[in-house]
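A.B. asks: have a look at this prediction, sequence included:
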Amino acid sequence: MIHPVAMPRRLLAEFTGTALLVTVVVGSGIAAQQLSPDDIGLQLLENSTATVFGLAVLILLFGPVSGAHFNPVVSAADWLLGRRAGTGISASHVASYTVAQTLGGILGAVLANVMFDRQVIEIATKNRITTGHLVGEIVATAGLIALIFALARTGRAALSAAAVGAYIGAAYWFTSSTSFANPAVTVGRMFSDTFAGIAPGSAPGFIAAQILGALIGLALVAALYPDAAATADNIVVPHNTETHHADQRSST
């Protein structure tokens, strides 16, 4: 499949989008700590609200260029689901996306640190590893992947900005881990010792849980929508040419 957008532009979109996403998460976490120093619940509300709106806007901004994955497990799931049908992105593109997303995540944390007059480079000390947190990451990531691919399969990918933002906002509260659900964001959040940070020792466990959750989410989508691979390249936001969309419609 020939993608209508050149790879350098797609990588720039993934890098910048992931950087800004982490800036939103970390920056709003720092602001929440400063505004509500004695109320953790209010801090979480402030942090989650900013993330919901920020993520939705970023998906709308960058989706038409790269699909607005901002997340290595979303990119990998796109490849896994679409590889047999010849849709989705290639394995080499997944690797490129992952590098861009991860570097963007780190830059986003650094940018938030700079904006709030903190040390430019910090290493988080907030340990998050518990059995409950790992289960929370599995649940959060499985739900995210299932939502994204179900929307694509049912022709509702244009709703991804609102739906994904709403899901992540809800998952902040119903999962014990506050729903990182993203390896690149997890790595980025290691570089700010703030409310939203995660200690490096906790990150590998979170990432492993996210990968497992993504596989569970894909399995659920495959069971519910057996022909989901036909629309794998519409993840997260449709970003193909009109001709290719016509080909997709004729194959479903």
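C.D. replies: It's in. Numbering: from 1, shown residues only.
A.B. asks: in the strand or helix carrying residue 112, what's buried?
C.D. replies: Assigned by DSSP states H and E, residue 112 falls within helix 91-115. Neighbour counts over helix 91-115 (16 or more other CB atoms under 10 Å) mark 93-94, 96-98, 100-113 as buried. Where you see a C-beta, it was placed from the backbone N, CA and C, and this is true even at glycine.
A.B. asks: do the same with stretch 58-78
C.D. replies: Applying 16+ other CB under 10 Å to stretch 58-78 flags 58-63, 65-78 as buried.
A.B. asks: same question for it, mean pLDDT?
C.D. replies: The predicted model gives stretch 58-78 an average pLDDT of 95.
A.B. asks: now it, how far from the chain's geometric center?
C.D. replies: Relative to its chain's centre, stretch 58-78 lies at 8 Å (CA atoms, centre = their mean, to the nearest Å).
A.B. asks: what distance separates the start and the end of that stretch?
C.D. replies: This stretch, stretch 58-78, spans 19 Å end to end (CA to CA, to the nearest Å).
A.B. asks: which of the buried residues of stretch 58-78 fall within helices?
C.D. replies: Counting by DSSP state H, the part of these found in helices is 58-63, 65-66, 72-78.
A.B. asks: tell me the helices and strands packed up against the helix holding residue 112.
C.D. replies: If you count contacts as 3 or more CB pairs under 8 Å, 6 or more residues apart in numbering; DSSP states H and E, helix 91-115 packs onto helix 7-35, helix 72-82, helix 183-189.
A.B. asks: ranking the ones you listed by burial, who's on top?
C.D. replies: Across the helices and strands packed on helix 91-115, averaging neighbours per residue (mean count of other CB atoms under 10 Å) puts helix 183-189 on top, at a mean of 28.
A.B. asks: now it: average pLDDT?
C.D. replies: 98.
A.B. asks: tell me the first helix or strand C-terminal of that helix.
C.D. replies: Next helix or strand after helix 183-189 toward the C-terminus (DSSP H and E): helix 203-224.
A.B. asks: could you check the angle that following helix makes with helix 72-82?
C.D. replies: 30 degrees (axes from the mean of the first three to the mean of the last three CA atoms, to 10 degrees).
A.B. asks: so which residues make contact with helix 203-224?
C.D. replies: Helix 203-224 has contacts (CB atoms under 8 Å, 6 or more residues apart in numbering) with 73-74, 76-77, 80-81, 128-129, 133-135, 137-146, 149-150, 153, 177, 180-183, 186-187, 190, 198, 228.
A.B. asks: list the buried residues of that helix.
C.D. replies: Within helix 203-224, judged by 16+ other CB under 10 Å, the buried ones are 203, 205-207, 209-218, 220-221.
A.B. asks: put the alpha carbons of it into CSV.
C.D. replies: The C-alpha trace of helix 203-224 is given here as CSV (Å, rounded to 0.1, in the frame of the first residue of the first chain):
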residue,chain,number,x,y,z
ALA,A,203,8.6,1.6,33.8
PRO,A,204,9.6,-1.9,32.4
GLY,A,205,6.7,-3.5,34.3
PHE,A,206,4.3,-0.9,33.0
ILE,A,207,5.5,-1.4,29.4
ALA,A,208,5.2,-5.2,29.7
ALA,A,209,1.6,-4.8,31.0
GLN,A,210,0.8,-2.4,28.2
ILE,A,211,2.0,-4.9,25.6
LEU,A,212,0.0,-7.7,27.1
GLY,A,213,-3.0,-5.4,27.3
ALA,A,214,-2.6,-4.5,23.6
LEU,A,215,-2.6,-8.2,22.6
ILE,A,216,-5.8,-8.8,24.7
GLY,A,217,-7.4,-5.8,23.1
LEU,A,218,-6.5,-7.1,19.6
ALA,A,219,-7.8,-10.5,20.4
LEU,A,220,-11.1,-9.0,21.5
VAL,A,221,-11.4,-7.0,18.3
ALA,A,222,-10.6,-10.0,16.2
ALA,A,223,-13.3,-12.0,18.0
LEU,A,224,-15.9,-9.3,17.7
